[in-house]
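1. Show me how the following folds:
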Amino acid sequence: MNSKDLRTPCFILDATELRKLYRGFRDALKAHFAASEVAYSVKTNSNPALLRVLLEEGAAAEVVSDTEYDLACAMGFGHIVFNGPVKGKEHFLKALAAGHTVNIDSKRELQWLEELPAGTEAHVGLRVNVGLAEDETFSRFGFDAPELAHAIGQIHRIPGVRLAGLHLHRTSKTRSLEVYRAIAAKACEILETYHLSPEYIDIGGGYFGDMPGKPTFEDYAATLAEGLKDYPGARIIVEPGNALCAGSFSFLSSVLDVKEVQGETIVVCDGSRNDIDPFFRKTDYFKQFPTVKPGTPTVPSQTVVGSTCLENDRLFHLENGPRLQVGDRIAFLNTGAYTMALSPLFIRYFPRVYVLEDGQYRLASEEWRAQDYLNAYGI
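-> Below is the predicted model:
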């Protein structure tokens, strides 16, 4: 199958690019740490085709719900990092018994540790509440100062339970190296204050991928190595999502109609803003026009809109661009992060997904139709 055979709207996973990004981060960590692990953030994009590629590459899975834990198990991931404040007790205990990494983020999980049968051995981590200089508000996740001290003390008192690591994920706007210097410094502060000898330090996610002018995987790894040099025996865990999947996906849409409305040229696509911008925050996108021929006349102004019946489903304004016609295609790049995972079942259901590898496309999943929707309800 070649690109002309693709039916739109559709997502396209570039498996070669995904492998390159994963290996880039993995190798950067290996160059600086004796032990390290890349645990992909499943919530960022849980498409099975993507998970299968990462599984083949040897990635671990980072999950934040019982559902995601079950998905990671069903896909066959050998190691799972189980985070988040909404774990169920059954899955919490199951993950501990299976030897997966479990980072505690709630008081109720501490209580579950108290209820472990006598003779049980368990290694757990604690999520730390991390503040950043760029913060406009506080993070709602993890244990802050007094609660952290209490949680550490509580774990130390439970026979057979060892505090094996710290989890320090912190969402940031800048994704800068300064953020990771601060996270490393916070880790060292806690480890020193409470005289802990960690088996692992889980830095979390939030990294840039392969983007010009932004920190590289090598930059992040070197920064963390410098900040954590006093703990050479600890296994370093990172949880990239966006850094791996954003640039691995594109979204292909076709022009369905072109019309004039109050002097403006309106270009209607079969994709929608729900597909590529579910937060409805962006005003423009990385995009290409693969079917537009060289020499196509330009027009002063075109507004490209999506397929839904929403007035604000307006994708971008094209000034002095090529005249788009029915049948032309628009490729939206870097669309793998928080798009497929957040796309709603609104008007049109899930689009097709293709995988591109070795120059060939294959259909990974068909679009959802009405019967697929009804099947979920047993109808």
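
2. quick one: pLDDT of residue 132?
-> In this prediction, residue 132 carries a pLDDT score of 89.

3. Which residues are in contact with it?
-> The contact partners of residue 132, taken as CB atoms under 8 Å, 6 or more residues apart in numbering, are 170, 172, 179, 182. Where you see a C-beta, it was placed from the backbone N, CA and C, and this is true even at glycine.

4. what pairs with the strand ranked longest in the chain, and is each one parallel or antiparallel?
-> Criterion DSSP state E: the longest strand present in the chain is strand 249-261. Strand 249-261 has these partner strands in its sheet, going by DSSP bridges: strand 10-14 (antiparallel), strand 264-269 (antiparallel), strand 329-333 (antiparallel).

5. okay, now the nearest residue to residue 159 once chain neighbours are set aside: neighbour count?
-> Excluding its sequence neighbours, the residue lying closest to residue 159 (CB to CB, 6 or more residues apart in numbering) is residue 118, at 7.4 Å. A count of nearby residues for residue 118, using other CB atoms under 10 Å, gives 6.

6. circling back: format the CA atom coordinates belonging to the longest strand of the chain as PDB.
-> The C-alpha trace of strand 249-261 is given here as PDB (Å, rounded to 0.1, in the frame of the first residue of the first chain):
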ATOM      1  CA  PHE A 249       2.300  10.500  14.200                       C
ATOM      2  CA  SER A 250       0.700  12.600  11.500                       C
ATOM      3  CA  PHE A 251      -2.900  13.100  10.700                       C
ATOM      4  CA  LEU A 252      -4.100  13.100   7.100                       C
ATOM      5  CA  SER A 253      -7.200  14.900   6.000                       C
ATOM      6  CA  SER A 254      -8.900  15.500   2.700                       C
ATOM      7  CA  VAL A 255     -10.600  18.600   1.400                       C
ATOM      8  CA  LEU A 256     -14.300  17.900   1.000                       C
ATOM      9  CA  ASP A 257     -15.600  21.300  -0.100                       C
ATOM     10  CA  VAL A 258     -14.600  24.900  -0.900                       C
ATOM     11  CA  LYS A 259     -17.000  27.700  -0.700                       C
ATOM     12  CA  GLU A 260     -17.300  31.500  -0.300                       C
ATOM     13  CA  VAL A 261     -18.900  32.900   2.900                       C
END
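
7. Next, the buried residues of that strand.
-> By 16 or more other CB atoms under 10 Å, the buried positions in strand 249-261 come out as 249-255.

8. ok, of those residues, which one's closest to residue 338?
-> Ranked by distance to residue 338 (CB to CB), the buried residues of strand 249-261 are led by residue 249 at 11.1 Å.

9. So that closest one sits against residue 335, correct?
-> Yes. Assessed by CB atoms under 8 Å, residue 249 is found in contact with residue 335 at 5.1 Å.

10. joint contacts of the two?
-> Joint contacts of residue 249 and residue 335 (CB under 8 Å, 6+ apart) are residue 11.

11. Pretty sure the residue nearest to residue 159 sits against residue 158.
-> No. Residue 118 lies out of contact with residue 158 (CB under 8 Å); the separation is 10.8 Å.

12. Tell me which two of the contacts of residue 132 sit farthest apart.
-> Longest distance between any two of those is 9.1 Å, between 172 and 182; criterion CB to CB.

13. show me where the stretch 51-200 of the chain has helices.
-> 66-75, 89-97, 107-114, 145-157, 177-193 (DSSP state H, counting those that start in this stretch).

14. Counting neighbours, which bits of the third one end up buried?
-> Neighbour counts over helix 107-114 (16+ other CB under 10 Å) mark 109-110, 113 as buried.

15. Report the inter-axis angle for that helix versus helix 89-97.
-> 60 degrees (axes from the mean of the first three to the mean of the last three CA atoms, to 10 degrees).

16. Can you name every helix or strand that helix 107-114 contacts?
-> helix 89-97, helix 145-157 (3 or more CB pairs under 8 Å, 6 or more residues apart in numbering; DSSP states H and E).

17. Please identify which of those is closest to residue 371.
-> The nearest among those, by CB to CB, is helix 89-97 at 31.3 Å.

18. same question for that closest one, mean pLDDT?
-> pLDDT averaged over helix 89-97 gives 96.

19. Please apply the same query to stretch 267-286.
-> pLDDT averaged over stretch 267-286 gives 93.

20. With just CA atoms, put that stretch into CSV.
-> Extracted in CSV, the C-alpha atoms of stretch 267-286 (Å, rounded to 0.1, in the frame of the first residue of the first chain):
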residue,chain,number,x,y,z
VAL,A,267,-12.1,25.0,3.0
VAL,A,268,-13.9,22.1,4.6
CYS,A,269,-11.9,19.0,5.6
ASP,A,270,-13.0,15.5,6.7
GLY,A,271,-10.8,15.8,9.8
SER,A,272,-11.6,17.9,12.8
ARG,A,273,-10.1,19.9,15.6
ASN,A,274,-11.1,17.1,17.9
ASP,A,275,-8.6,14.9,16.1
ILE,A,276,-5.5,17.1,16.3
ASP,A,277,-6.2,19.6,19.0
PRO,A,278,-8.6,18.2,21.6
PHE,A,279,-7.7,20.9,24.1
PHE,A,280,-8.7,23.5,21.5
ARG,A,281,-5.7,25.6,22.4
LYS,A,282,-3.7,25.9,19.1
THR,A,283,-4.1,28.5,16.4
ASP,A,284,-1.9,26.8,13.9
TYR,A,285,-0.1,23.5,13.2
PHE,A,286,2.9,21.9,11.6
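
21. Check which residues of it are buried.
-> Quick answer for stretch 267-286 (16+ other CB under 10 Å): 267-278, 285.

22. How about stretch 321-335?
-> Buried residues in stretch 321-335, defined by neighbour count with 16+ other CB under 10 Å: 321-322, 324, 328-335.
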